[in-house]
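Enquirer: Structure here, sequence nowhere to be found:
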Ligand code: HEM
């Protein structure tokens with residue numbers, strides 16, 4: 001008979017061996033790309049993705065150190081992200097193929113890629129992530145309202161935004177102001193008033209419960225560990241359970257705001273907000289309640305986060321090039337009396353396009369999965385069920401498209417007059433040398449809206465203030481995720497009365 005002690009120690013040995021095997025198996029899956037991944041493209045070391053959590057390094061440094069050369073040479077690479085190995089491309093020809101062949105490179109957002117995660121619970125199955133017929137349905141409902149909209153709230157909010165900054169300067173002439181939180185409030189108010197039919201109240205209310213809630217859940221969603229290993233969201237970790245609950249609460253609160261504004265008083269029947277179109281589609285059963293909620297949430301999320309990033313980037317470049325670009329554009333807008341003409345100012349628009357090129361707000365997007373084994377370009381064989389994404393920063397800094405000065409901030413590259421600037425912008429998008437707004441059939445539906453918001457806010461800022469980068473602010477971009485200057489702080493100086501009080505509307 002085996003003694004209980006011997007039995008126990010044998011069991012311990014077996015458990016230890018199983019755990020060791022599991023550990024090595026998981027480590028192998030993280031360190032080495034799947035064996036059926038293409039050998040014709042390089043592998044970015046798995047640890048690269050963890051470096052910003054350990055060292056004081058931002059994503060532009062990371063790109064320059066680890067991705068620039070492989071992407072320049074091969075146009076594609078294998079990269080570990082989101083608990084799995086993926087293929088990321090930056091060569092315009094590869095982007096063109098991926099964007100065009102939607103059946104093979106099928107959209108597969110977080111709701112499919114990591115359905116157990118907090119981020120998937122947040123945005124669900126929406127117009128950006130959906131594929132095929134479902135996407136077509138969403139697009140047919142939402143496209144019109146995102147293309148035809150009333151810009152008036154942008155003007156009012158830009159003024160409110162500047163008033164808030166004026167108050168922060170107080171009775172001094174200038175002050176050092178961390179700008180991120182106010183930009184977020186502005187962008188939330190803009191998108192909620194222009195597309196959702198309610199006022200988020202970010203600029204008007206000092207304490208705003210919905211905003212507090214949003215800031216809180218964003219911290220949990222963009223937690224670096226869970227962003228890299230969303231797999232752990234399926235474990236019963238109390239903090240993550242709380243995050244799920246709070247995300248659900250936020251979604252319900254958002255819909256309830258829209259219900260109060262649009263549904264209860266039947267305003268949706270008369271208005272052309274995108275949210276009204278979604279409510280009508282829900283009422284006639286084209287979409288269900290979850291689809292309605294998912295799309296309302298994505299309108300708020302994409303509609304405020306992306307402009308927030310681009311505005312931060314624009315204010316950063318204007319601060320950095322205060323004596324040149326800021327000065328020149330201020331002179332240019334001084335003569336504008338008709339708001340519509342902002343879209344026709346060569347300096348303002350070439351500046352905006354260059355800012356978008358230099359720091360594309362959505363740096364890397366990996367949300368397509370191959371529906372079959374396929375060939376990318378002439379020699380990259382990709383197995384079925386592989387996640388494929390694109391690196392906007394890489395595409396926008398490719399020397400082949402943008403010349404040897406691709407890394408330089410050089411708005412002149414877009415042209416001197418509005419006709420050539422617009423032509424170059426369109427051509428850069430259609431050749432995918434510039435993919436910051438995607439392009440093709442799945443092109444961003446908010447580009448027109450976002451760019452109008454940028455022009456109007458920048459013009460108002462230039463009329464009110466002169467600014468440079470705060471001497472206390474360390475020039476650094478976000479370490480991971482969306483790309484923009486990290487916790488930007490500006491040295492804002494109030495401008496003389498004449499220019500600041502000039503009316504725009
Ligand atoms: C201003 C900065 C913005 C940038 C840089 C930007 C960028 C992008 C990109 C890269 C995509 C494609 C995503 C993918 O490949 O999965 C996209 C799609 C989309 N964006 Fe934007 N976006 C911006 C603003 C907005 C705004 C203000 C809205 C308004 C709600 C918006 C609504 C959308 C929608 C609805 C799609 C999905 C289009 C489709 O698949 O049919 N975007 N955007």
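Expert: Received the coordinates, thanks. All figures in this text were calculated on a predicted structure; none of them were measured in a lab.
Enquirer: Can you point out the buried residues in the host helix or strand of residue 281?
Expert: Here residue 281, judged by DSSP states H and E, is contained in helix 274-283. Neighbour counts using 16 or more other CB atoms under 10 Å place 274-279, 281-282 of helix 274-283 among the buried residues. Placement of C-beta: from N, CA and C, glycine included.
Enquirer: Likewise for stretch 230-243?
Expert: 230, 233, 240, 243.
Enquirer: Run through who's touching that stretch.
Expert: 82-83, 114, 116-119, 217, 220-221, 225-226 (CB atoms under 8 Å, 6 or more residues apart in numbering).
Enquirer: quick check, stretch 375-392 touching the ligand?
Expert: No - no part of stretch 375-392 sits near the ligand under the criterion CB under 6 Å from any ligand atom; the closest distance found is 6.8 Å.
Enquirer: now do the same end-to-end measure for that stretch.
Expert: 21 Å (CA to CA, to the nearest Å).
Enquirer: do stretch 378-392 as well
Expert: 22 Å.
Enquirer: residues of that stretch that come out buried?
Expert: Those would be 380, 382, 386-392, for stretch 378-392 by 16+ other CB under 10 Å.
Enquirer: Which parts of the protein are strands?
Expert: 76-81, 84-89, 105-107, 174-178, 364-370, 374-376, 380-382, 387-391, 465-469, 489-494 (DSSP state E).
Enquirer: Please name every helix or strand in contact with the second one.
Expert: Contact analysis of strand 84-89 by 3 or more CB pairs under 8 Å, 6 or more residues apart in numbering; DSSP states H and E lists strand 76-81, strand 364-370, strand 387-391 as its packing neighbours.
Enquirer: who does the longest one pair up with?
Expert: Yep, that's strand 364-370 we're talking about. Its sheet considered, strand 364-370 pairs with strand 105-107 (antiparallel), strand 387-391 (antiparallel) by DSSP bridges.
Enquirer: and the last one, how far out from the chain's middle?
Expert: On the basis of CA atoms, centre = their mean, to the nearest Å, strand 387-391 is displaced by 15 Å from the centre of the chain it belongs to.
Enquirer: Give the rounded mean pLDDT of it.
Expert: Strand 387-391 shows a mean pLDDT of 98 in the predicted model.
Enquirer: Residues in contact with it: which ones?
Expert: 63, 67, 71, 82, 84, 86-90, 95, 98, 105, 108, 113, 363-370, 376, 382, 435.
Enquirer: what does stretch 39-51 give?
Expert: Under CB under 8 Å, 6+ apart, the answer for stretch 39-51 is 30-33, 57, 62, 66-67, 70, 73-74, 76-81, 87, 228, 379-381, 480.
Enquirer: and the residues you listed, which are buried?
Expert: 30, 33, 57, 62, 66-67, 70, 74, 76-81, 87, 228, 380, 480.
Enquirer: Count the residues that sit near residue 340.
Expert: Residue 340 is flanked by 9 other residues according to other CB atoms under 10 Å.
Enquirer: Could I get the pLDDT score of it?
Expert: 74.
Enquirer: repeat for residue 502
Expert: Reading off the model, residue 502 has pLDDT 43.
Enquirer: so how many other residues sit close to the closest residue to residue 416 other than its chain neighbours?
Expert: Excluding the flanking residues, the one nearest residue 416 by CB to CB, 6 or more residues apart in numbering is residue 346, at 6.3 Å. Residues near residue 346, counting by other CB under 10 Å, number 19.
Enquirer: Near the ligand, which residues of the chain? Just list them.
Expert: Going by CB under 6 Å from any ligand atom, the residues of the chain near the ligand are 127-128, 139, 146, 195, 299, 302-303, 306-307, 310, 361-362, 365, 367, 436-438, 442, 444-446, 449-450.
Enquirer: Show me the longest helix that occurs in the protein.
Expert: The helix that spans the most residues within the chain, counting by DSSP state H, is helix 289-320.
Enquirer: Could you pull out the buried residues of it?
Expert: 291-319.
Enquirer: repeat for stretch 141-151
Expert: 141-142, 145-146, 149, 151.
Enquirer: just stretch 435-454 next, same as before
Expert: 435-439, 442, 444-447, 449-454.
Enquirer: And those residues, which is the shakiest by pLDDT?
Expert: residue 439 (91).
Enquirer: what bits of the chain have low per-residue confidence?
Expert: Along the chain, segments meeting pLDDT under 70 span 1-2, 339, 497-505.
Enquirer: got a list of what the residue of it found nearest the ligand touches?
Expert: Using CB to the nearest ligand atom, the closest approach of the chain to the ligand is made by residue 446 at 2.0 Å. Residues in contact with residue 446 (CB under 8 Å, 6+ apart) are 146, 302-303, 306-307.
Enquirer: ok, 7 Å please
Expert: 146, 302-303, 306 (CB atoms under 7 Å, 6 or more residues apart in numbering).
Enquirer: repeat for residue 86
Expert: 79, 366, 387-389.
Enquirer: what's the most distant pair in those residues?
Expert: 79 and 388 (10.7 Å; CB to CB).
Enquirer: Would you mind giving the buried residues of stretch 378-392 as CSV with distance to residue 181 added?
Expert: Shown next, in CSV, are the buried residues of stretch 378-392 (distance: CB to CB, whole Å):
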residue, distance to residue 181
380, 43
382, 42
386, 39
387, 34
388, 36
389, 30
390, 30
391, 29
392, 26
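Enquirer: out of the residues you listed, which one sits closest to residue 173?
Expert: residue 392 (39.0 Å).
Enquirer: hang on, isn't the closest one packed against residue 366?
Expert: No - using CB atoms under 7 Å, residue 392 is not in contact with residue 366; the gap is 11.6 Å.
Enquirer: before we move on, back to that, of the contacts of stretch 230-243, grab the buried ones for ChimeraX.
Expert: Typed into ChimeraX, the next command selects the buried ones out of those (criterion: 16+ other CB under 10 Å):
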select :82,83,114,117,118,119,217,220,221,226
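Enquirer: Return the subset of the contacts of stretch 230-243 lying in helices.
Expert: Reading helices off the contacts of stretch 230-243 with DSSP H, I get 118-119, 217, 220-221, 225-226.
Enquirer: on that earlier part again, tell me which two in the contacts of stretch 230-243 are the farthest apart.
Expert: 83 and 217 (20.7 Å).
Enquirer: one step back: please name the residues that touch the residue nearest to residue 416.
Expert: 416-418, 421.
Enquirer: In helices, which of these fall?
Expert: 418, 421.
Enquirer: of the contacts of residue 346, buried ones?
Expert: 418, 421.
Enquirer: Reformat the contacts of residue 346 as CSV; add distance to residue 469.
Expert: Output for the contacts of residue 346, formatted as CSV (distance: CB to CB, whole Å):
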residue, distance to residue 469
416, 28
417, 30
418, 29
421, 26
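Enquirer: And the contacts of residue 346, which two are furthest apart?
Expert: Across those (CB to CB), the longest gap, 9.1 Å, separates 416 and 418.
Enquirer: Please produce a markdown table containing the ones in helices among the contacts of stretch 230-243, extended by distance to residue 287.
Expert: Shown next, in a markdown table, are these (distance: CB to CB, whole Å):
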| residue | distance to residue 287 |
| --- | --- |
| 118 | 24 |
| 119 | 22 |
| 217 | 24 |
| 220 | 28 |
| 221 | 24 |
| 225 | 34 |
| 226 | 29 |
